[in-house]
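Asks: Got a predicted structure plus its sequence, pasted below:
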Amino acid sequence: MELEKEISKRRTFAIISHPDAGKTTLTEKLLLFGGAINTAGAVKSNKIRKTATSDFMEIEKQRGISVATSVMGFDYAGKRVNILDTPGHKDFAEDTYRTLTAVDSVILVVDCIKGVEEQTEKLMAVCRMRSTPVIIFINKMDREGKDPFDLLDELQDKLKIHVRPLTWPISQGESFQGVYNMYKGELNLFEPNKTGISENKAKIVELSDDGIEKFVEKKYVDKLREDVHLVEGVFEPFNKDLYRDGLIAPVFFGSAVNNFGVLELLETFLEIAPQPSSREAEERIVNSEENKFSGFVFKIHANLDPNHRDRIAFLRICSGRFERNKFFFHTRLDKKVRFTNPTSFMANEKTLIEEAFPGDVIGLYDNGIFKIGDTLSEGEMLHYKGIPSFSPEIFKEVENRDPFKAKQLEKGIQQLTEEGVAQLFTQQPGNRKIIGTVGELQFDVIKFRLEHEYGAKCEFRSLSFSKAYWITGDTEVQLNQFISSRNSAIAYDKEENPVYLSENEWMLKMIKNSFAAIHFHTTSEFKNKKSEVLL
Ligand code: G4P
């Protein structure tokens, strides 16, 4: 019973957006409204400066800070809210994709001026893979943006999801009046530059009620009535089950920087967002309410201090109860492990915990036993699914610059790629090491960390590949034939899966035409057809 009660309290989610749409601001405001922080500015420091491509210390410093802010937990209205932070910089997108496997839902922030941007589409593709429930927050309504109906069309077209507005904006930009909450029958009036956390609301269940004109000028009321009439006619009524199945996304309008629409979002989120439920392991589906503990590692963070090689593994609890000092089963290593200093991340601070429940994310000190994707259980051989690798976009060969430190280089690369900083591919003959990333920034981070944490020196030689495809064949023989005929473009990932490295789309098309028996997959999770998203 206690377990069920704890689970029903948990809401674990991530806030995602294209850089600059307002993710950091909204996160901060949710923490403010949730009572987790008292002042604005606390979350800002987590942002990696957008221009930083060579300031290694800055990257390091900020990575360090982000350990503490990686998970932000707080209690609000009887619920335990766990916000999982995702890096703002696009070069760390892979980190964000992995974090999305550890949440039960997401809030997607869209800038009303820019609409759906590139990163928004990619992130949404990852959400669709797992049918993650999504709430959309259209931000910056205090600025002159796109027409709300056009924005909704754009969301449906580009994000390939049905949407259903739950609030509707009354004008925008300089004349922004606020929103009408169709879900609650409430008017929420906008006050620019507001610092307080209250919202100025009025109950208006029927829009035809003249009372509304006490709050908003008639010309805006007329337009609102017209718009809402259209919305009710065009969009299906909101259905919580469809939202929870990831088929329809409720939409809110607001302005995070002005503390507007945030409380409304938080309260509706708590009402409709799903609690931790079941999760798919390779062996079976595990229900969160099962008594036996299980969880998986979705992120590993290195210690900032080079004298302390230990790392923090972030474990998402999927079922049962985690307890400090209890022996659990590390399924990949086939051995028992226990943790004396597990931490939770409440209100931005790390604290030692005695126990944790499904939906919680805890930090485990790791002296090298964890890889991303590892599962812990209470004895059962379980492997949680769902941490696929996505194709990197930049590929470089590692060249050792200090022959006496070859071992350190090897170890460093091994460990950094286990942390998920980048992907490692090996090419034969010669055991050539190829690092694949989604952004240039990672190469700076890797080089810096290899030197400072492992004492190894290396250079990177650019390669002309632009995409990696995991390959399978109709038959083993056909696959092997393909591999030997295209050897210079074949490499192996860390699990020894063969990968075809393509220079461009045209080349891939040619190859596909010539080798019909070979199948090219965009993620490493190719056994699951749903994972075939183009990123
Ligand atoms: P991100 O994490 O998604 O990258 O975005 P972030 O919250 O940092 O917001 C990006 C910029 O947009 C910030 O301005 C922020 O103040 C602004 N912003 C966020 N919400 C709103 C909003 O509702 N209305 C308006 N008009 N602006 C908003 P900046 O100039 O880049 O940073 P700062 O100097 O304000 O901190």
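Replies: Thanks, I have it. Numbers count the residues shown, from 1 in each chain.
Asks: What residues does the residue in the stretch 51-200 of the chain that the ligand sits nearest to make contact with?
Replies: For the stretch 51-200 of the chain and the ligand, the shortest gap (C-beta to the nearest ligand atom) falls at Lys140, measuring 3.8 Å. No exception for glycine: its C-beta is placed from N, CA and C like everyone else's. The contact partners of Lys140, taken as C-beta atoms under 8 Å, 6 or more residues apart in numbering, are Ala21, Gly22, Asp111, Cys112, Ile113, Ser255, Ala256, Val257.
Asks: again, only using 6 Å
Replies: Asp111, Cys112 (C-beta atoms under 6 Å, 6 or more residues apart in numbering).
Asks: where does this structure have its least confident helix or strand?
Replies: helix 56-69 (a mean of 52; mean pLDDT, DSSP states H and E).
Asks: what sits against His158?
Replies: Quick fix: residue 158 is Lys, not His. Val116, Glu121.
Asks: Would it be right to say that it lies in a strand?
Replies: No. If the criterion is DSSP: H, G, I helix; E, B strand; the rest coil, then Lys158 is helix and not within a strand.
Asks: What pLDDT does the model give it?
Replies: We have a pLDDT of 95 for Lys158.
Asks: ranges for the helices of the stretch 201-350 of the chain?
Replies: For the stretch 201-350 of the chain, helices defined by DSSP state H, counting those that start in this stretch occupy the ranges 218-234, 240-244, 262-272.
Asks: residue ranges with poor pLDDT in this structure?
Replies: Regions of the chain meeting the criterion pLDDT under 70 cover residues 38-69, 88-91, 303-310, 346-350, 386-388, 525-535.
Asks: what about the strands in the stretch 201-350 of the chain?
Replies: Counting by DSSP state E, counting those that start in this stretch, the segments of the stretch 201-350 of the chain that form strands are 248-253, 279-280, 285-286, 294-302, 311-319, 322-323, 328-330, 335-337, 343-346, 349-352.
Asks: follow-up on the earlier one: of all the helices of the stretch 201-350 of the chain, which lies closest to the ligand?
Replies: Counting by C-beta to the nearest ligand atom, the ligand lies closest to helix 262-272 out of the helices of the stretch 201-350 of the chain; the figure is 9.6 Å.
Asks: tilt between that closest one and strand 248-253?
Replies: Counting by axes from the mean of the first three to the mean of the last three C-alpha atoms, to 10 degrees, helix 262-272 lies at 160 degrees to strand 248-253.
Asks: Next, the buried residues of helix 262-272.
Replies: Applying a neighbour-count criterion of 16 or more other C-beta atoms under 10 Å, one finds Val262, Leu263, Glu264, Leu265, Leu266, Thr268, Phe269, Ile272 buried in helix 262-272.
Asks: And that helix, what does it pack against?
Replies: On a contact count with 3 or more C-beta pairs under 6 Å, 6 or more residues apart in numbering; DSSP states H and E, helix 262-272 meets helix 23-33.
Asks: so how far is stretch 22-32 from its chain's centroid?
Replies: In terms of C-alpha atoms, centre = their mean, to the nearest Å, the centre of stretch 22-32 is found 16 Å from the chain centre.
Asks: what sits against Arg279?
Replies: Arg279 makes contacts with Val286, Cys318, as judged by C-beta under 6 Å, 6+ apart.
Asks: one more time with 8 Å, if that's ok
Replies: Contacts of Arg279 (C-beta under 8 Å, 6+ apart): Ile285, Val286, Ser288, Cys318, Ser319, Tyr384, Gly386.
Asks: How about Glu118?
Replies: Here Glu118 is in contact with His18 (C-beta under 8 Å, 6+ apart).
Asks: could I get the buried residues of helix 262-272 as CSV with distance to the ligand?
Replies: Below are those laid out as CSV (distance: C-beta to the nearest ligand atom, whole Å):
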residue, distance to the ligand
Val262, 10
Leu263, 14
Glu264, 14
Leu265, 12
Leu266, 15
Thr268, 18
Phe269, 18
Ile272, 23
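Asks: In those, find the pair that's most separated.
Replies: With distances taken as C-beta to C-beta, the most widely separated pair in those is Val262 and Ile272, at 16.1 Å.
Asks: which is the next helix or strand following the least confident helix or strand of the chain?
Replies: Using DSSP states H and E, the helix or strand that directly follows helix 56-69 along the chain is strand 71-76.
Asks: quick one: that next one to strand 311-319, angle?
Replies: Counting by the same axes, to 10 degrees, strand 71-76 lies at 50 degrees to strand 311-319.
Asks: Quickly check: strand 71-76 near the ligand or not.
Replies: No. Using C-beta under 6 Å from any ligand atom, strand 71-76 never reaches the ligand; the gap is at least 13.9 Å.
Asks: next structured bit after that strand?
Replies: strand 79-84.
Asks: From the chain's centre, how far out is the following helix or strand past that next one? Work that out for me.
Replies: Using DSSP H and E, the next helix or strand after strand 79-84 towards the C-terminus is helix 93-100. A distance of 4 Å separates the centroid of the chain from that of helix 93-100, by C-alpha atoms, centre = their mean.
Asks: Could you see whether the ligand lies near helix 93-100?
Replies: No. Helix 93-100 stays clear of the ligand (C-beta under 6 Å from any ligand atom), getting no nearer than 11.7 Å.
Asks: Packing partners of that helix?
Replies: strand 10-17, helix 118-129, strand 294-302 (3 or more C-beta pairs under 8 Å, 6 or more residues apart in numbering; DSSP states H and E).
Asks: ok, the contacts of Arg279 vs the ligand, which is closest?
Replies: Out of those, the member with the shortest distance to the ligand (by C-beta to the nearest ligand atom) is Gly386, at 25.1 Å.
Asks: thinking again about what came up before, and the contacts of Arg279, which of them are buried?
Replies: Taking 16+ other C-beta under 10 Å as the criterion, what is buried in the contacts of Arg279 is Val286, Ser288, Cys318, Ser319, Tyr384, Gly386.
Asks: The stretch 401-535 of the chain: helices as residue ranges?
Replies: For the stretch 401-535 of the chain, applying DSSP H, counting those that start in this stretch gives helices covering 406-418, 441-454, 476-485, 505-514.
Asks: List the buried residues of the longest one.
Replies: Going back to what we said before, that points to helix 441-454. Using 16+ other C-beta under 10 Å as the test for burial, helix 441-454 gives Leu441, Gln442, Phe443, Asp444, Val445, Ile446, Lys447, Arg449, Leu450, Glu451, Glu453, Tyr454.
Asks: How about the first one?
Replies: Of the residues in helix 406-418, those with enough neighbours to count as buried (16+ other C-beta under 10 Å) are Gln408, Leu409, Glu410, Gly412, Ile413, Gln415, Leu416, Thr417, Glu418.
Asks: can I get those in TSV with distance to the ligand?
Replies: Shown next, in TSV, are the buried residues of helix 406-418 (distance: C-beta to the nearest ligand atom, whole Å):
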residue	distance to the ligand
Gln408	36
Leu409	35
Glu410	36
Gly412	31
Ile413	30
Gln415	29
Leu416	26
Thr417	27
Glu418	28
